[in-house]
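Trainee: please work out how this folds:
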Amino acid sequence: MALSDDYTFLLGDTGVVLNTDPSAPFVDITKVTGLDSGPFRTTEQDHEGADGSFMDAEFEKGRTVILDGTIYTDGTNMETYLDLLKDNYAPSRTLLPFYLLAPGVDERVLFVKPLGCRYDWEQMRRTGCAAAQFSMFAEDPRIYSSTLNSITITQGGTATTGRSYNKSYNYSYGAPITPNQTTCTNVGNRDTPVTFIMTGPVTNPTIINDTDGVSLRFIISLSATEVLTVNTQYHTAYVNGLSRRDTLVEPNWFFLHKGDNLIRYLADSSGSSTLEVQFRSAWR
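Mentor: Numbering: from 1, shown residues only. Here you go, the predicted structure:
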């Protein structure tokens, strides 16, 4: 979804855009809470036999986002517009994209579960206005780029341990070298999860993160009709919808660091299997 105006917000791909230019009916957002640093998950313990204590604050909890504003209508369609807003922010079993556009940056998104549209019947309702509050909860506190990056590379070479040198000396002699690597650039300010999609036929595929020196290696043979999908956020591996995490023998789950990440795709078999790398840049 592409928002066109700064300071606008949208829940879902077909919801109501909030904070648009005044043209009744519309919602004027006056305050937004929860888009700063996510709440830290802390554990504190005292040092035995000494002054002071120890605090672990490495991770963040989910974040609650609240939008306060005023609804403006022409006075005749207030209830119809409220019904639309309540439907937009109704409970959802699945996560919904919540888009936001701030000045000077591209559109960003959180994946949230809405917590409703709240308002009171007050005297100002007689003039077609109502104070309202929209709330939602993001289980994953990361704020992502709304654009999903998708890069495809072709398998090349036999999987080996160790780190390779990614320079090729193939100027005017030798056969062309099939590119089996790609650079994934996370332009955000924090690590971001990544999804890998591997097509068959392929035997024992390996995904190598040369930037960190870690790999995900599978002992599995995929036919031409099978697809292996790996999600590093949830530590899952599925083949055509069925869990095959048991085939992962090098479970070095990794995220993409901010900046450039060099990813290679190797296997024990030769062929034209492809690896699709999907990720969004992430911010705190």
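
Trainee: in a helix, Thr182, correct?
Mentor: No: per DSSP: H, G, I helix; E, B strand; the rest coil, Thr182 lies outside any helix segment and is strand.

Trainee: got the domain boundaries for this protein?
Mentor: As given by automatic domain parsing, the domain ranges for the chain are 8-145, 149-283.

Trainee: tell me how far Arg41 lies from Thr199.
Mentor: Distance, Arg41 to Thr199, using Cβ to Cβ, to the nearest Å: 38 Å. Any C-beta I mention is one placed from the backbone N, CA and C, and that applies to glycine too.

Trainee: then Asp120?
Mentor: Distance of Asp120 to Thr199, given as Cβ to Cβ: 55 Å.

Trainee: the more surrounded of these two?
Mentor: The neighbour comparison of Asp120 against Thr199 (other Cβ atoms under 10 Å) goes to Thr199, with 20 against 10.

Trainee: mind checking pLDDT for the closest residue to the more buried one other than its chain neighbours?
Mentor: Nearest non-adjacent residue to Thr199, counting by Cβ to Cβ, 6 or more residues apart in numbering: Thr274, 5.2 Å away. Looking at Thr274, its pLDDT is 94.

Trainee: and Thr274, bridged to which residues?
Mentor: Note on Thr274: beta-bridge partners by DSSP bridges are Thr154.

Trainee: cool, the one 5 residues further on as well?
Mentor: Residues found in beta-bridge contact with Phe279 (criterion: DSSP bridges) are Asn149, Val194.

Trainee: residues contacting it?
Mentor: Counting by Cβ atoms under 8 Å, 6 or more residues apart in numbering, Phe279 makes contact with 148-149, 184, 186, 192-195, 256.

Trainee: let's see 7 Å
Mentor: Counting by Cβ atoms under 7 Å, 6 or more residues apart in numbering, Phe279 touches 149, 184, 186, 192, 194, 256.

Trainee: how far away is the second one from Tyr265?
Mentor: Separation of Cys184 from Tyr265 (Cβ to Cβ): 12 Å.

Trainee: who's more crowded, those two?
Mentor: Taking neighbours as other Cβ under 10 Å, Cys184 and Tyr265 compare with Tyr265 leading, 27 against 21.

Trainee: so where's this structure shaky on pLDDT?
Mentor: The model of the chain has pLDDT under 70 over residues 1, 157-179.

Trainee: and the longest strand for it?
Mentor: Scanning the chain for the longest strand, with DSSP state E as the assignment, gives strand 108-119.

Trainee: what's the next secondary structure element after that strand?
Mentor: Following strand 108-119 in sequence order, the next helix or strand is strand 129-138 (DSSP states H and E).

Trainee: list the buried ones in that next one?
Mentor: Judged by neighbour count using 16 or more other Cβ atoms under 10 Å, the buried positions of strand 129-138 are 129-130, 132-136, 138.
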